[in-house]
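*Asks:* Need a 3D model of the sequence below.
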Amino acid sequence: MDTTRRELLKTTALGGLATSFAGIFGGTASAAGTPGLVTLPSGITIRQDIVSPRPRPSGQQPVHNLTTKPLQKVRVAHIGLSRGMTHVNDCLNLEFTEVVAVCDLRDERAKSAADQCEKVRGKRPDIYSGTEHIWEKMVARDDIDVVYIATPWAWHVPMAVGAMEHGKHAFVEVAAAVTVDDCWKLVDTSERTQRHCVMLENCCYGENELFILNMVREGVFGELTHGECAYIHDLRSLLFSLGTEGDWRRDYHWQYDGNLYPTHGLGPIAQYMGIGRSDQFKFLVSMSSPEIGLHAWRDKHHPNAGKHEKEKYVCGDMNTSTIKTELGRTIMIQHDVISPRPYSRINALSGTGGTFFDYPARLAINEPRKYRLDSPGSHEWLGDKDLARMRKLFTHPLWRKLEERAKGGGHGGMDFVMNWRHLDCIRQGITPDSVVYDAAAWSSIIEVSSLSVATGSMPVPIPDFTRGLWKSLPPLPIAFRAPGPAIAMPVKIAEWTPQDLQADWVVKSWVVSKGIIAAGDYGFEFQYTRGAHRLDFRKVALLTEDAVVAHDDQAGHSGLENVHNVYRFAIAKHDPAAKYLLQAEIKADGGTDSSGEISIWKD
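*Replies:* Numbers count the residues shown, from 1 in each chain. Okay, here's the model as predicted:
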């Protein structure tokens, strides 16, 4: 049996099971003559063949490594000036961009944006406003390189397609599309026009997300096995706020029962795992809790004089989906904008070398000694000092470069970092960190999860928008890496033997001058190697012949386990002629049969 037929039978088998479960679990199987159609409680229909493979149309070329002509100045236009003003302001703060046009349905928003541009840059962009299709006139101009789209979801695809068909790169807010068909429309348009379609997933550029990504690339997590993510954000009052994004986002709560907002949590996890480049989503299983919270809040508060009383919401308060990848990894993803609970994207990642959970940030490492940490092992989260040391080692160079400039920017600075990075890629003519295949895969979860829920939480295949390219592509190196090793490796500088020990505490000094080569921060580690007894130590100090450079009185020991066996000292001024000594009070626990090494490294 050939591969194509085998995959078709797998898809057909899942589709048949889904159809038979549809009527039992809230969806409705199709009527005679329209096989493979599932009708949601809202009346919306989903074709089950949306998950079937789609061949690349003749004449289209992949865009996974699309490069374009470098630009001295990136000319930008903006559609949607509510959320979109964050992007306008970021563009105004980038020396290599020019805002040439702004567009919004509301005249006052467009005028206000133009005023801001003129105030900051001294040049007023052209204004397009007042009618729903005025954006079409703007994207038809020939002096625009990038079109930002920050509008209600229903407009994302037609605007992005229109921009690309007129030769512009499309930067589209999340989610890029709602339906799988529209996801394919973005993919095919990007390939046909050879223009980038980048989804503005700012959460991929948060400090913690870049920190995790850098640790993944440096091997801290070992082999990745599992991720967890979410969008948990109490939006009940916003969903009834007229004239805001909440007003139109509420519509989806009576249309779909699934994960309505997957990309904030899923985007970073997908990048950690190299989804689309070395791994790929395979299938999804999704289930929802009852819908209770949204209508209960409405009935209690009667927002907007009760005008929403007849709305019937179908989206469960909590949706939980599990994704299986082609490499066998698992991803848990949740959506809950109704429950009274603090904000969280979970942002968790596990591998053979460590585990990270966010909200608050926690990290456990399989081999903390490798990174010269005080933690005894992976049975507890790293302490504040150890976590700070890991941040010092692995803060992403992109965040390190832009942290100061991003202060005060949207969402803790991640918006600015994202916009700088995407626009800098266009300026250089290189491939952005995420392309249309990522936008489509992450956004497709909306409809795929809804189909799974409607068919009794049956597994639903997730389309491969790369059309098989993921098998041969390495993950993109987001931004750049600093040259050289990330970790300063320790070297042996001294040792202790049974001859150094007595029954009680004794002061011992070791010459460590060879390891101190310049001013800076140094670490010293006591590590037991053999013998019947552990070594206890206290009152550790770094000395020259005539002065105490630094000291730490904390007691520790090294044996079958280590407790506070790492000491760190700062040398403000280095004297090449000085003799540096490490001094400590030491004794063996219960005898003198203890040997070990002392290592030094410079951070």
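
*Asks:* Would you mind listing the buried residues in whichever strand or helix holds residue 568?
*Replies:* Here residue 568 sits within strand 566-571, counting by DSSP states H and E. Neighbour-count burial for strand 566-571, counted by 16 or more other C-beta atoms under 10 Å, picks out 566, 567, 568, 569, 571. C-beta here means a position set from N, CA and C on the backbone, and glycine is covered the same way.

*Asks:* Please enumerate residues in contact with the helix or strand that contains residue 246?
*Replies:* Following DSSP H and E, one finds residue 246 within helix 245-249. Identification of contacts with helix 245-249 by C-beta atoms under 8 Å, 6 or more residues apart in numbering yields 82, 83, 152, 153, 154, 235, 237, 238, 239, 240, 241, 260.

*Asks:* How about stretch 48-63?
*Replies:* 7-8, 11, 15, 18-19, 36-38, 179-181, 184, 188, 190-192, 194, 196, 435-437, 447-448, 451, 460-464, 466-467, 469.

*Asks:* Could you look up the next helix or strand downstream of the helix or strand encompassing residue 364?
*Replies:* Residue 364 is part of strand 362-365, with elements assigned from DSSP H and E. Following strand 362-365 in sequence order, the next helix or strand is helix 384-394 (DSSP H and E).

*Asks:* Just the C-alpha atoms of that next one, please, in CSV.
*Replies:* Taking Å, rounded to 0.1, in the frame of the first residue of the first chain, the C-alpha atoms of helix 384-394 are listed here in CSV:
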residue,chain,number,x,y,z
ASP,A,384,16.3,32.7,43.4
LYS,A,385,20.1,32.9,43.3
ASP,A,386,20.3,29.9,41.0
LEU,A,387,17.6,31.1,38.7
ALA,A,388,19.3,34.4,38.5
ARG,A,389,22.5,32.7,37.5
MET,A,390,20.8,30.7,34.8
ARG,A,391,19.3,34.0,33.5
LYS,A,392,22.8,35.4,33.5
LEU,A,393,24.0,32.4,31.4
PHE,A,394,21.1,32.1,29.1
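
*Asks:* Return whatever helix or strand comes next after that helix as CSV; C-alpha atoms alone will do.
*Replies:* Counting by DSSP H and E, the next helix or strand C-terminal to helix 384-394 is helix 397-406. Taking Å, rounded to 0.1, in the frame of the first residue of the first chain, the C-alpha atoms of helix 397-406 are listed here in CSV:
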residue,chain,number,x,y,z
PRO,A,397,21.0,37.8,23.1
LEU,A,398,18.0,39.5,21.3
TRP,A,399,16.5,40.4,24.7
ARG,A,400,19.8,41.5,26.0
LYS,A,401,20.3,43.7,23.0
LEU,A,402,16.9,45.4,23.1
GLU,A,403,15.9,45.3,26.8
GLU,A,404,16.6,48.9,27.5
ARG,A,405,14.9,50.1,24.3
ALA,A,406,11.9,47.9,25.0
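
*Asks:* Now do helix 397-406 against helix 384-394, angle only.
*Replies:* 100 degrees (axes from the mean of the first three to the mean of the last three C-alpha atoms, to 10 degrees).

*Asks:* re the thing from before, mind putting the contacts of helix 245-249 in CSV, secondary structure and pLDDT included?
*Replies:* Shown next, in CSV, are those (DSSP: H, G, I helix; E, B strand; the rest coil; pLDDT from 0 to 100):
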residue, secondary structure, pLDDT
82, coil, 97
83, coil, 96
152, coil, 98
153, helix, 98
154, helix, 98
235, coil, 98
237, coil, 97
238, helix, 97
239, helix, 98
240, helix, 97
241, coil, 97
260, coil, 98
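
*Asks:* Confirm that residue 449 sits in a helix.
*Replies:* Yes: counting by DSSP: H, G, I helix; E, B strand; the rest coil, residue 449 is part of a helix.

*Asks:* In JSON lines, list the buried residues of strand 566-571 along with pLDDT and distance to residue 358.
*Replies:* Converted to JSON lines, the buried residues of strand 566-571 look like this (pLDDT from 0 to 100; distance: C-beta to C-beta, whole Å):
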{"residue": "566", "pLDDT": "91", "distance to residue 358": "26"}
{"residue": "567", "pLDDT": "95", "distance to residue 358": "30"}
{"residue": "568", "pLDDT": "94", "distance to residue 358": "27"}
{"residue": "569", "pLDDT": "96", "distance to residue 358": "32"}
{"residue": "571", "pLDDT": "94", "distance to residue 358": "35"}
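
*Asks:* any chance of those residues in a markdown table, plus distance to residue 230?
*Replies:* Listed next are the buried residues of strand 566-571 as a markdown table, based on distance: C-beta to C-beta, whole Å:
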| residue | distance to residue 230 |
| --- | --- |
| 566 | 36 |
| 567 | 40 |
| 568 | 37 |
| 569 | 42 |
| 571 | 45 |
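
*Asks:* now, among those residues, which is nearest to residue 135?
*Replies:* residue 568 (57.0 Å; C-beta to C-beta).

*Asks:* Test my guess that the closest one contacts residue 520.
*Replies:* No: contact criterion C-beta atoms under 8 Å: residue 568 and residue 520 do not qualify, at 10.9 Å.

*Asks:* Now do the shared contacts for those two.
*Replies:* Contacts common to residue 568 and residue 520, judged by C-beta under 8 Å, 6+ apart, are residue 603.

*Asks:* In contact with residue 385, which residues?
*Replies:* Residue 385 is in contact with residue 374, counting by C-beta under 8 Å, 6+ apart.

*Asks:* could you give the mean pLDDT of stretch 458-469?
*Replies:* Stretch 458-469 carries an average pLDDT of 98.

*Asks:* which outside residues touch it?
*Replies:* 10-11, 14, 17-18, 21, 50-56, 62, 64, 180, 183-184, 187, 276, 280-286, 323, 436-437, 440-441, 444-445, 448-449, 451-452, 470, 473.

*Asks:* Buried ones in the helix or strand harbouring residue 113, by neighbour count?
*Replies:* Here residue 113 sits within helix 107-121, counting by DSSP H and E. Buried residues in helix 107-121, counted by 16+ other C-beta under 10 Å: 109, 110, 112, 113, 114, 116, 117.

*Asks:* now those in JSON lines, with distance to residue 366?
*Replies:* Converted to JSON lines, the buried residues of helix 107-121 look like this (distance: C-beta to C-beta, whole Å):
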{"residue": "109", "distance to residue 366": "52"}
{"residue": "110", "distance to residue 366": "54"}
{"residue": "112", "distance to residue 366": "53"}
{"residue": "113", "distance to residue 366": "50"}
{"residue": "114", "distance to residue 366": "55"}
{"residue": "116", "distance to residue 366": "50"}
{"residue": "117", "distance to residue 366": "51"}
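
*Asks:* With pLDDT and distance to residue 588 as extra columns, can I get the residues you listed in a markdown table?
*Replies:* A markdown table is the format used below for these (pLDDT from 0 to 100; distance: C-beta to C-beta, whole Å):
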| residue | pLDDT | distance to residue 588 |
| --- | --- | --- |
| 109 | 98 | 75 |
| 110 | 98 | 78 |
| 112 | 98 | 74 |
| 113 | 98 | 73 |
| 114 | 98 | 77 |
| 116 | 98 | 70 |
| 117 | 98 | 72 |
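
*Asks:* ok, of the residues you listed, which one's closest to residue 500?
*Replies:* Using C-beta to C-beta, these come closest to residue 500 at residue 116, 70.4 Å.

*Asks:* nearest residue to that closest one other than its sequence neighbours?
*Replies:* Distances taken as C-beta to C-beta, 6 or more residues apart in numbering put residue 88 closest to residue 116, at 6.8 Å, once the chain neighbours are dropped.

*Asks:* in a helix, that's where that neighbour is, yeah?
*Replies:* Yes: per three-state DSSP, residue 88 lies within a helix segment.

*Asks:* Just to check, it is in contact with residue 99?
*Replies:* Yes: Residue 88 lies in contact with residue 99 (C-beta under 8 Å); the separation is 6.3 Å.
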